[in-house]
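Asker: one predicted model, sequence on top.
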Amino acid sequence: MIMSWFDAVPAALLCACWLLLPGLPVTYLLGLRGVAAWGFAPTVAVGTIGLTAVIAPMAGLTWGFLPPIVVSAILVALIGLYRLIRRRPSSPVDPLAVTGAAAIGMVPAVLLGLVTMARSIPGGPNSVSQTYDAVFHYNAVRLILNSGNGSSLAIGALGQPGVAGGFYPAAWHDLVALVVGGSCAAIPVATNATAAVVASLAWPLACLLLVRQVVGPSRLAMGVTGVLSLAFGAFPWGLLGFGVLWPNTLGLSLLPAGFAAVLSVTGLARQDVLGRGRAWFLLVVSGVAGAIAHPNTIFSLAALSIIPVLIGVVGWAKVRRAAGHARQAYAAVGGVVLLMLGAAVFADRSPIFNDVKSITWPAIESPAQSIGEVLLNAPNGKNAAWVLSAFTLIGLVVAARRGSGRRWLVADHVLSGVMFLLAATLNSPLSHHIVGYWYNDSFRLAAVLPVTALPATVLGVQAVIAWLRDRIETTHSETWRARLQPALKSTVAIPAIVLLVLVVGTKGLYSGQHSLVVAATYGQSDNPRTQPLLNADRHEFFDRIGREVPANATIASNPWNGSALLWSLEDRQVLVPHFAVTMGADEIFLSKHLDDAARNPLVCQAAGRLHVQYLYVDTVYLWPGDKRTHDYPGLADPTGKAGFELVDQQGQMKLFRITACAAA
């Protein structure tokens with residue numbers, strides 16, 4: 001049944017509240033105002049939610065709305081007390097017109113993002129992503145809801161008995177669990193609503209703050225940044241259509257705010273609205289939020305910070321040397337360089353990152369193609385964004401001019417492009433030392449490109465508008481100058497014309513293309529080797545299983561036939577909740593021998609320990625050609641074998657009750 005997007009509005013509004021309300025009191029108490037306060041609020045909120053989820057089980061608290069509210073209140077009280085004692089002044093406040101332009105510009109940005117997301121999922125907000133990763137993310141939310149434990153130290157094993165969880169960034173799942181708990185929405189609905197709000201609200205707000213730091217207090221820049229932030233195919237749409245990488249999307253949506261703090265610390269911000277002292281604290285907050293949302297955020301922030309940090313240190317050293325403190329200046333530069341090199345060597349040799357760096361992807365394109373894709377904002381084979389890229393390149397030229405103070409932006413964009421090129425074209429043991437922290441994955445690295453491309457694009461829009469004004473003012477035709485005089489006096493006429501050309505020339509800022517990218521994860525693939533995890537027949541059968549199987553029973557099944565979704569969709573525990581989950585000894589044994597339950601007493605002993613009472617079988621797999629679909633011989637169709645009773649059947653899908661173990 002297709003669900004209306006209007007039915008998902010409560011879940012989306014609740015998600016927006018969770019992304020803003022825990023953070024806004026903190027940012028305002030820190031002295032931030034306007035764009036700075038709102039741009040950093042989602043980062044504070046995500047950090048608070050994710051960190052609270054780790055602390056809550058240690059304090060014996062069940063995950064829900066109360067723990068993050070309590071922690072937020074404590075944080076507000078502590079910061080308020082600090083501000084009362086220190087009485088530090090607020091950060092510089094932008095003119096009301098600048099803040100107003102940002103607010104007005106956010107309205108079409110939010111609408112554009114929500115419309116793009118709705119068009120991406122024509123089946124409605126209850127549609128399920130038909131991807132390998134989505135099963136884990138759905139079931140991780142179910143685990144949190146059922147166990148009351150949302151810690152990033154607990155969800156990695158998806159609750160498998162006797163298996164250590166390890167660290168897995170859970171902020172996304174904690175946030176979705178809060179949305180489910182507060183709105184009573186189904187897990188897929190809450191997931192899609194959260195993805196839409198992160199893309200349409202959290203990301204544009206963070207981009208506003210970054211552009212404000214790069215460009216300065218410009219009404220034009222603030223007015224266009226929101227919508228332009230959603231024009232890039234690589235992010236957020238690229239990650240929402242690949243994987244699907246929801247936690248990574250949440251983390252990278254916060255990256256511009258963290259980078260804005262780096263610009264404050266290094267002295268590169270234009271009329272800084274954060275303040276260096278606050279920026280240091282906000283960097284710590286960004287680190288916590290990024291690590292718990294997805295560690296790729298930390299690595300991306302570190303990579304983008306290298307050049308600004310070096311420029312900031314060298315600039316400080318020049319001042320110190322001019323003041324007669326040459327040794328101090330040289331020592332500072334040398335110390336920072338050694339610290340960076342030491343951190344790089346430590347990370348490269350640390351076994352913590354071995355599993356991530358060992359993942360290999362085949363090279364997918366030539367170096368020339370990758371360079372062209374970076375220039376045209378079209379990484380990973382996306383359609384060239386000709387009009388948008390023209391403004392991006394103009395902005396990079398403006399930033400590269402001597403005296404602009406923004407050459408670092410060009411260098412950072414080139415650095416991001418080179419890292420993308422290494423992953424897309426080389427992907428060798430040598431490149432793994434550099435881009436291995438992003439799983440050697442060009443899609444994840446492509447998602448970083450808009451962080452530098454967006455400020456450049458805004459600079460390009462400003463430059464084009466300034467050029468048009470200059471051409472009109474210097475025209476030799478008095479008639480035309482008289483006719484265009486009203487446009488010159490108006491502050492919005494020429495910018496409106498340029499934006500209209502930009503929107504029309506990009507067919508709605510490429511919204512249609514972005515929708516197709518995201519939609520690919522929700523529909524049946526054109527690849528004959530791939531089958532949908534959930535079609536209408538399977539969904540209908542799963543609904544019946546939810547009514548036929550008791551809540552305390554576990555269903556044994558091969559996860560590759562889509563049955564792993566029974567847990568998240570129907571709240572019925574499954575033996576194997578994901579394709580790559582680490583299984584305990586009993587799970588492995590049953591996967592090999594459950595069909596022998598009538599003859600092998602060890603089977604019923606293991607089944608009793610895990611409450612396995614039913615067996616689901618289906619011969620249609622997500623990836624039919626994958627050898628791992630054959631790793632569960634004991635969970636095959638037991639028709640004709642003693643100890644199994646057919647409960648329900650629809651086509652090739654069958655549900656059996658394990659009668660051989662009923663007495664046990």
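Answerer: Perfect, thanks for sending it.

Asker: could you list the domains of the chain?
Answerer: According to automatic domain parsing, the chain comprises the domains 8-294, 295-349, 536-661.

Asker: comparing those domains, which comes out most buried?
Answerer: domain 8-294 (a mean of 22; mean count of other Cβ atoms under 10 Å). The C-beta positions use only the backbone N, C-alpha and C, and glycine is treated the same way.

Asker: how distant is that one from the center of its chain?
Answerer: Centroid displacement of domain 8-294 relative to its chain, using Cα atoms, centre = their mean, to the nearest Å, is 9 Å.

Asker: circling back to that earlier point, can you lay out the domains of the chain as a markdown table showing distance to residue 501 and mean pLDDT?
Answerer: Shown next, in a markdown table, are those (distance: least, Cβ to Cβ, whole Å; pLDDT from 0 to 100):
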| stretch | distance to residue 501 | mean pLDDT |
| --- | --- | --- |
| domain 8-294 | 12 | 93 |
| domain 295-349 | 31 | 89 |
| domain 536-661 | 44 | 93 |
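
Asker: end to end on stretch 555-566, go ahead and measure it.
Answerer: 9 Å (Cα to Cα, to the nearest Å).

Asker: one more: stretch 116-124?
Answerer: For stretch 116-124, the end-to-end distance is 13 Å (Cα to Cα).

Asker: can you list contacts of it?
Answerer: Identification of contacts with stretch 116-124 by Cβ atoms under 8 Å, 6 or more residues apart in numbering yields 2-5, 127, 192, 195-196, 199-200, 230, 237, 240-241, 511-512, 514-519, 522.

Asker: give me that answer again for 7 Å
Answerer: The contact list for stretch 116-124, computed with Cβ atoms under 7 Å, 6 or more residues apart in numbering, reads 2-5, 127, 192, 195-196, 199, 230, 511, 514-515, 518-519, 522.

Asker: repeat that for stretch 434-447.
Answerer: Under Cβ under 7 Å, 6+ apart, the answer for stretch 434-447 is 234-235, 238-239, 242, 248, 252, 296, 299, 353, 356-357, 359-361, 364, 379-380, 419-420, 422-424, 427, 432.

Asker: can you name the two of the contacts of stretch 116-124 that are farthest apart?
Answerer: Greatest spacing in these, by Cβ to Cβ: 2 and 230 (25.3 Å).

Asker: how about the strands in this structure?
Answerer: Along the chain, the segments classed as strands by DSSP state E run 554-557, 612-617, 644-650, 653-658.

Asker: will you turn those into JSON lines that also has distance to residue 131?
Answerer: Shown next, in JSON lines, are those (distance: least, Cβ to Cβ, whole Å):
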{"stretch": "strand 554-557", "distance to residue 131": "19"}
{"stretch": "strand 612-617", "distance to residue 131": "21"}
{"stretch": "strand 644-650", "distance to residue 131": "24"}
{"stretch": "strand 653-658", "distance to residue 131": "21"}
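
Asker: for residue 601, which of these is the nearest?
Answerer: Proximity to residue 601 (Cβ to Cβ) singles out strand 653-658 among the strands of the chain, at 13.4 Å.

Asker: list the buried ones in stretch 456-466?
Answerer: Buried residues in stretch 456-466, counted by 16 or more other Cβ atoms under 10 Å: 456, 457, 458, 459, 460, 461, 462, 463, 464, 465.

Asker: which residues sit in contact with residue 566?
Answerer: Counting by Cβ under 7 Å, 6+ apart, residue 566 has contacts 542, 545, 555, 572, 574.

Asker: coming back round to it: closest one of the buried residues of stretch 456-466 to residue 660?
Answerer: residue 457 (65.6 Å).

Asker: isn't that closest one up against residue 228?
Answerer: Yes. The criterion here is Cβ atoms under 7 Å, and residue 457 meets it with residue 228 at 5.7 Å.

Asker: residues in contact with the residue nearest the centre of the chain?
Answerer: The geometric centre of the chain, computed from its C-alpha atoms, lies nearest to residue 249 (Cα atoms, centre = their mean), at 1.0 Å. By Cβ under 7 Å, 6+ apart, the contact set of residue 249 is 195, 198, 236, 239, 240.

Asker: cross these against helices and list the overlap.
Answerer: Among those, the members found in helices (DSSP state H) are 195, 239, 240.

Asker: looking at the residues you listed, spot the one nearest residue 318.
Answerer: residue 239 (40.0 Å).

Asker: quick one: contacts for the closest one?
Answerer: Residues in contact with residue 239 (Cβ under 7 Å, 6+ apart) are 245, 248, 249, 252, 443, 447.

Asker: so which bits of stretch 505-521 are buried?
Answerer: For stretch 505-521, the neighbour count (16+ other Cβ under 10 Å) marks 506, 509-511, 513-521 as buried.

Asker: mean confidence score for that stretch?
Answerer: For stretch 505-521, the mean pLDDT works out to 90.

Asker: measure it end to end?
Answerer: Using Cα to Cα, the two ends of stretch 505-521 sit 27 Å apart.

Asker: run the chain-centre distance for that stretch.
Answerer: With Cα atoms, centre = their mean as the basis, stretch 505-521 stands 18 Å off its chain's centre.

Asker: show me the contacts for the residue nearest to residue 136 when sequence neighbours are not counted.
Answerer: Nearest non-adjacent residue to residue 136, counting by Cβ to Cβ, 6 or more residues apart in numbering: residue 578, 4.8 Å away. Contact analysis of residue 578 by Cβ under 7 Å, 6+ apart lists 135, 136, 139, 158, 559, 564.

Asker: let me see the contact set for residue 250.
Answerer: Contacts of residue 250 (Cβ under 7 Å, 6+ apart): 46, 171, 172, 198, 293, 294.

Asker: can you put the contacts of residue 566 in a markdown table and add distance to residue 178?
Answerer: Below are these laid out as a markdown table (distance: Cβ to Cβ, whole Å):
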| residue | distance to residue 178 |
| --- | --- |
| 542 | 25 |
| 545 | 28 |
| 555 | 27 |
| 572 | 23 |
| 574 | 24 |
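
Asker: surely residue 561 meets residue 618?
Answerer: Yes. Counting by Cβ under 7 Å, residue 618 is a contact partner of residue 561 at 3.8 Å.

Asker: name the single longest helix found in the protein.
Answerer: Max-length helix for the chain by DSSP H is helix 296-322.

Asker: which strands or helices does that one pack on?
Answerer: When contacts are defined as 3 or more Cβ pairs under 7 Å, 6 or more residues apart in numbering; DSSP states H and E, helix 296-322 packs onto helix 246-253, helix 255-265, helix 276-293, helix 326-349, helix 407-421.
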